[in-house]
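S.K.: take this sequence and fold it.
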Amino acid sequence: MIIESLKSLYNRDLNKLKLEIGSYKSEESIWKIDKNILNSGGNLCLHLLGNLNTYIGAELGNSGYVRHRDLEFSSKDIPKTELLEKIKSLIEIVDSTLNQLSDEDLKKDYPTEALGYKMTTGYFLIHLLSHLDYHLGQINYHRRLLDI
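M.R.: Got it, this is the predicted structure:
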């Protein structure tokens, strides 16, 4: 039952990410930084893509994804259409990976100590969801403040 809840929440929030990125009026604004706003909406999006493709897609779903974390914050000017396509692919990866898991799998240790300590897979999936939502809120504010 918790798997269905996780699938629903990830699907909801990744679709919100797609909506936020798609709502930027200006492609240029996606990559804008200003004063104390050091991460652009585009870089936060790339960070979420890298994070979830790594910890859900590669670690749990054996997708073969290889993360280049430094590029998540240094890449610029990736077209909005490409970001949206990457989000769409991530939604499919997360959904198919979660479909492979059972409630028993959630009680098992996550394969790596990604946070520096042992934790269950269920705990880490909830952590990843809160991380997604934290940055999703930042993207929303970034868009409303700098997409003018």
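
S.K.: now do the contacts for residue 142.
M.R.: In this structure, residue 142 makes contact with 32, 37, 39-41, 44, judged by CB atoms under 8 Å, 6 or more residues apart in numbering. C-betas here are computed from N, CA, C, even on glycine.

S.K.: now swap in residue 42 and tell me
M.R.: Per CB under 8 Å, 6+ apart, neighbours of residue 42: 21, 30-31, 75-76, 78, 83.

S.K.: before we move on, back to that, quick one: buried ones out of the contacts of residue 142?
M.R.: 32, 39-41, 44 (16 or more other CB atoms under 10 Å).

S.K.: what does the pLDDT read for residue 97?
M.R.: Per-residue pLDDT puts residue 97 at 98.

S.K.: show me where this protein has helices.
M.R.: Remark: helices assigned in the chain by DSSP state H are 2-23, 27-30, 41-52, 69-74, 80-100, 103-107, 121-146.

S.K.: and the first one, what does it pack onto?
M.R.: This points to helix 2-23. helix 41-52, helix 80-100, helix 103-107, helix 121-146 (3 or more CB pairs under 8 Å, 6 or more residues apart in numbering; DSSP states H and E).

S.K.: please identify the deepest-packed of those helices.
M.R.: helix 41-52 (a mean of 23; mean count of other CB atoms under 10 Å).

S.K.: between it and helix 80-100, how many degrees?
M.R.: Relative orientation of helix 41-52 and helix 80-100, computed by axes from the mean of the first three to the mean of the last three CA atoms, to 10 degrees: 20 degrees.
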